[in-house]
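Chemist: give me the fold of what follows.
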Amino acid sequence: MRHLSFRYSLAFPHAPFGDGAVLSAAATVWALLLGIGFLMLGNGLQGILLGVRASAEGFSATVTGFIMTGYFGGFLVGSRIALTTIRRVGHLRVFAAASCFAAIAILIQGLFVDPVTWAVMRVVTGYSMASAYIVTESWLNDRVDNEHRASLLAVYMVVTYMGMASGQLLLNAGQPTQHDLFMLASVLISFAAIPILFSVTPQPRQENAERLSLVELYRVSPLGLVGTFISGILQGTLSGMGAVYARAIGLTIAQTSYFMFFLILGAAVLQWPFGKISDRFDRRKVIAGLALFGALISMATHIVHQLGPAFLIAFAPVLGAGPYLLYSLLIAYTNDHLRRTQMVAASSALILTFGLGAAFGPPAAGILMDSVGPQGYLWLLAVFQAGIFGFALYRMTRRESLPVEAQSSCRGAPALSPPSEEWTRKAAPEKTPAEAEVLVSIASESDMAEAKS
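Modeler: Below is the predicted model of the structure:
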């Protein structure tokens, strides 16, 4: 039996991909999947292109950090208002508009190489991507029942991660100091809207969702809220400043693209096994162990890069494991302590928390890199992962562990794409009366343990 089962957008299949229901559902949204693939290709290229071009233009790491954080600021805004926009005009129009905004933003960045202009356009891009994520995830969620949902979302995340990772390699298709790569990114993003506009697919229904304050969520799960904020810092730093770090330590443009490619690819491969491990053991111990491992790996990376670019690139998947994997484990842990009626509101609060952390990461990393050198990037990753490790150990002294069989099912969550509110609402399966009685008992025992602490 699972406690408050909660499905996330990155889910390697727990049911075979050959399942007829999954394939049938995927076939009905082929245009949406193709569109998000193009969108992620363009977005992946844009992120690494701006980092490399900023270095070529002589922007300091601090300035570049503030530019990159604009994406996460826009992502935060989009996560908060996208559902309202979708209810007003529908999924199709929001996805098409998001693609147009993102395509325009990258063209403007190619025309006006200026930190202020770039920062504003990064806000537009972040808003557009958040809207596109929520449209896609809620649309896919609507196509299947709970039994097959994780497998369909696995197809979606394979497309998403491969698109984002492949976008890093497109940096080698032109010169970052010219306009051609900016135009290529814009073309790819523009293509995203074409398949869905020429297809006929029923749009999901829309319903209202409740809210939950950050203070209330902290009372439910301190580790979940604090860890999610730090996870946002880690992911914002890793993806927003990774290319800047690579160029600062002397990697070529091609080597930088490979470094970023393997950072993302490694996270995609490792999400499933770590999710399964956390389902079978005390999740806090898995979180603490992974955070400690990530902190040590971040410090070891400073030594590895001195061995040569090839060693650093080969080490990249391990470097990205902690920052990218911790988020999904923390979300699953938070849901272990939630009632079903709280899950939608908690998702909204966690989106806000993650976005705030992600917006803080790049400028903090930039300031640190300007102060102590490129290794400041690694120090930030190490310190904040050590912070999660320490706080997890502290929380183990304040609350008893849930029985393993009472933990929610962890299927992984995408980097920089927290689960949408509507998705969360639909993803939580109904419980039988017998299950509900047991779960209420478990929740009561957990609340009593927390009150005593």
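Chemist: what comes into contact with stretch 310-318?
Modeler: Applying Cβ atoms under 8 Å, 6 or more residues apart in numbering, the external contacts of stretch 310-318 come out as 249, 251, 255, 258-260, 262-263, 265-267, 269-270, 297, 301, 304-305. Every residue, glycine included, has its C-beta placed from N, CA and C.
Chemist: run the last query once more with 10 Å
Modeler: The contact list for stretch 310-318, computed with Cβ atoms under 10 Å, 6 or more residues apart in numbering, reads 242, 246, 249, 251, 255-270, 293-294, 297-298, 300-301, 303-308, 319, 324.
Chemist: next one: Pro273 from Arg283, what distance?
Modeler: 15 Å (Cβ to Cβ, to the nearest Å).
Chemist: neighbour-wise, which of those two wins?
Modeler: Arg283 (25 against 12; other Cβ atoms under 10 Å).
Chemist: let me know the pLDDT of the nearest residue to the more buried one once chain neighbours are set aside.
Modeler: Using Cβ to Cβ, 6 or more residues apart in numbering and skipping residues adjacent in sequence, the residue nearest Arg283 is Tyr333, 4.7 Å away. For Tyr333, the model assigns a pLDDT of 78.
Chemist: same check on Leu326?
Modeler: 85.
Chemist: tell me the contacts of it?
Modeler: By Cβ under 10 Å, 6+ apart, the neighbours of Leu326 are 227-228, 230-231, 234-235, 274, 286-287, 290-291, 294, 384-385, 388, 392.
Chemist: in terms of model confidence, name the weakest of those.
Modeler: Phe274 (74).
Chemist: contacts only, for that one.
Modeler: Counted by Cβ under 10 Å, 6+ apart, Phe274 has contacts 267, 286, 290, 321, 324-326, 328-329, 410, 412.
Chemist: where's it, which helix or strand?
Modeler: helix 253-280 (DSSP states H and E).
Chemist: for whichever helix or strand comes after that helix, packing partners?
Modeler: On the C-terminal side of helix 253-280, the nearest following helix or strand under DSSP H and E is helix 283-304. In terms of contact count using 3 or more Cβ pairs under 10 Å, 6 or more residues apart in numbering; DSSP states H and E, helix 283-304 is assigned the packing partners helix 222-248, helix 253-280, helix 309-336, helix 375-396.
Chemist: and Gly47, which of those helices is closest to it?
Modeler: helix 222-248 (6.5 Å; Cβ to Cβ).
Chemist: now the closest one against helix 375-396, angle please.
Modeler: 170 degrees (axes from the mean of the first three to the mean of the last three Cα atoms, to 10 degrees).
Chemist: how about stretch 326-336 as PDB, C-alpha atoms only?
Modeler: Written as PDB, here are the backbone C-alpha positions of stretch 326-336 (Å, rounded to 0.1, in the frame of the first residue of the first chain):
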ATOM      1  CA  LEU A 326      17.200  16.100  -4.600                       C
ATOM      2  CA  TYR A 327      14.200  18.000  -5.700                       C
ATOM      3  CA  SER A 328      12.000  15.000  -6.600                       C
ATOM      4  CA  LEU A 329      12.900  13.300  -3.300                       C
ATOM      5  CA  LEU A 330      12.100  16.400  -1.300                       C
ATOM      6  CA  ILE A 331       8.700  16.700  -3.000                       C
ATOM      7  CA  ALA A 332       7.900  13.100  -2.400                       C
ATOM      8  CA  TYR A 333       8.900  13.500   1.300                       C
ATOM      9  CA  THR A 334       6.700  16.500   1.600                       C
ATOM     10  CA  ASN A 335       3.700  14.500   0.200                       C
ATOM     11  CA  ASP A 336       4.400  11.800   2.700                       C
END
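Chemist: from now on call the first residue 18
Modeler: With the count now opening at 18, the last piece we talked about shows up as stretch 343-353.
Chemist: that one: how far from the chain's middle?
Modeler: What separates the centre of stretch 343-353 from the centre of its chain is 13 Å, taken as Cα atoms, centre = their mean, to the nearest Å.
Chemist: ok, Ser256 touching Ile250?
Modeler: No: counting by Cβ atoms under 10 Å, Ile250 is not a contact partner of Ser256; they are 11.6 Å apart.
Chemist: can you list residues touching both of those two?
Modeler: Common neighbours of Ser256 and Ile250 (Cβ under 10 Å, 6+ apart) are 89, 340, 375, 378-379.
Chemist: in these, find the pair that's most separated.
Modeler: Phe89 and Pro340 (14.0 Å).
Chemist: so where's the stretch 168-317 of the chain shaky on pLDDT?
Modeler: Applying pLDDT under 70 to the stretch 168-317 of the chain flags residues 168-172, 174, 217-229, 289, 292, 296.
Chemist: ignore the last one, the stretch 18-167 of the chain
Modeler: Where the stretch 18-167 of the chain drops to pLDDT under 70, the residues are 18-45, 154-155, 157-167.
Chemist: how many neighbours does Gly267 have?
Modeler: Gly267 - counted by other Cβ under 10 Å - has 10 other residues nearby.
Chemist: who's in contact with it?
Modeler: 322, 326, 391.
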